[in-house]
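> below is the sequence, then the predicted model.
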Amino acid sequence: MDTKKNISRELLLSYMQDKCTEAEAQQVRMWLRERLKDPGMDQMFSDLLDATEIEYDPEGKERVRRKLDSILSACPAPNSPPRRSSARWWRTPLRIAEYAAVVVSVALAFHYRHQAATPREWVEVYADMGERREIVLPDSSHVWLNAGTKLIYPKEFNRTIRQVYLSGEMFADVRHDEDRPFIVSADRLEVKVLGTQFNFKSYQEDVKSEVSLVHGKVSVSLKASKMNGKLTLEPGDILRFNKTNNHIDFLNFDPDSYANWIDNDNFFFVEQTLGDIVADLRRHFAVDIIVTDKSLCGETYYASFINNESLDEILAALNKDLLFSVRKEAEVYYISPPLK
């Protein structure tokens, strides 16, 4: 099948609305995979959104959003560390985080486009692999972005709400405002506060999303199938949401001893699996880490690192019980079953 030629706008719209045949759907998927980095795709998706009238068709909007999410998750992207020009690695764990900014913007557009009653100017900020960024929002709230994170927010908040959109991880110190709640939307979770300090982690490529409350009070809205609702968190609460099976875990930590990652490259793992920890380490150190035996990914850890430990030091500490072995080859770390 020749996917070099353009396909019709009508076929694209039919695909987004689940109205085409499987053969046509396969043609569209192949065509999109070859063009996701094309800057013109942003305008094309915008036109398709306009055509679906999502403001008046919530179910249609959700169908289109799920369709685009499936495109993004299915498309491979190189995940070699920044500023490396030799080998290119095509592996799943980092695929979404290193997409061109336009692709992440398109995914987030489904969350904020229908919110805007009048046109507004939006700001997009991206923290690359191995990078962390601090942002001062229009209301003077401070937000820190962890590696591989995208944040979208209006240049000016309106008089009734302060809304931002997240793909990745952020720590927020929100300025108190009784009249304008602060809302963070990411995938199927939404956090609402008036003024507080909290951490929100929701990477597209990760199975789990989580909200950790350090100070104040937040409500978390769940936008998952058959479980819509709101939950309230108190300081020291962690809400961890599994996007695969919609399972929710509630955990606790001491907010007074919280090892915030915005200070001195700290890591704070509360009952985190090795698979989740490896995903964080990949993004922070901008290296490829491969777990050769997936059974190791389910091992759970409770650990904090607050002394600027290196990657080698962190892996050695996690492996104090010798549950795995680590070797490094050509700038790639391999985690395998213990050597016999």
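Thanks, I have it. Residues are numbered from 1 along each chain as shown.
> tell me where the model's unsure across this protein.
1-6, 16-18, 33-120, 224-228, 259 (pLDDT under 70).
> how many neighbouring residues does residue 275 have?
Residues within reach of residue 275, counting by other CB atoms under 10 Å, total 18. Bear in mind the C-beta positions are built from the backbone N, C-alpha and C, glycine included.
> so what secondary structure elements neighbour the host helix or strand of it?
Assigned by DSSP states H and E, residue 275 falls within helix 274-285. Where contact means 3 or more CB pairs under 8 Å, 6 or more residues apart in numbering; DSSP states H and E, helix 274-285 is packed against strand 267-273, strand 288-291, strand 300-305, helix 311-318.
> of all the ones you listed, which one is nearest residue 229?
Between residue 229 and the helices and strands packed on helix 274-285, the shortest gap by CB to CB is with strand 267-273, which sits at 23.5 Å.
> please work out the angle formed by the directions of that closest one and helix 274-285.
Counting by axes from the mean of the first three to the mean of the last three CA atoms, to 10 degrees, strand 267-273 lies at 150 degrees to helix 274-285.
> then strand 267-273 to CSV, C-alphas only?
What follows is strand 267-273, C-alpha atoms only, in CSV (Å, rounded to 0.1, in the frame of the first residue of the first chain):
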residue,chain,number,x,y,z
PHE,A,267,14.1,11.1,44.4
PHE,A,268,11.2,9.9,46.6
PHE,A,269,9.9,6.5,45.9
VAL,A,270,6.8,5.3,47.9
GLU,A,271,6.0,1.7,47.2
GLN,A,272,7.1,2.2,43.6
THR,A,273,7.8,-0.8,41.4
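> in its sheet, what does it sit against?
Strand 267-273 pairs in its sheet with strand 300-305 (antiparallel), by DSSP bridges.
> buried stuff in the strand it pairs with?
Residues residue 305 are the ones in strand 300-305 that count as buried (16 or more other CB atoms under 10 Å).
> ranges for the helices of this structure?
Here the chain has its helices, by DSSP state H, at 9-16, 22-33, 40-52, 58-74, 101-112, 274-285, 311-318.
> show me the contacts for the residue nearest to residue 313 when sequence neighbours are not counted.
Spatial nearest neighbour of residue 313, excluding adjacent residues (CB to CB, 6 or more residues apart in numbering): residue 305 at 7.9 Å. Counting by CB atoms under 8 Å, 6 or more residues apart in numbering, residue 305 touches 259, 266-267, 313-314, 317.
> can you name the two of the residues you listed that sit furthest apart?
259 and 313 (15.1 Å).
> these two: which is more packed in?
Just comparing residue 259 and residue 313: by other CB under 10 Å the higher neighbour count belongs to residue 259, 15 against 12.
> state the distance from the residue nearest to residue 313 to residue 322.
According to CB to CB, to the nearest Å, residue 305 and residue 322 sit 19 Å apart.
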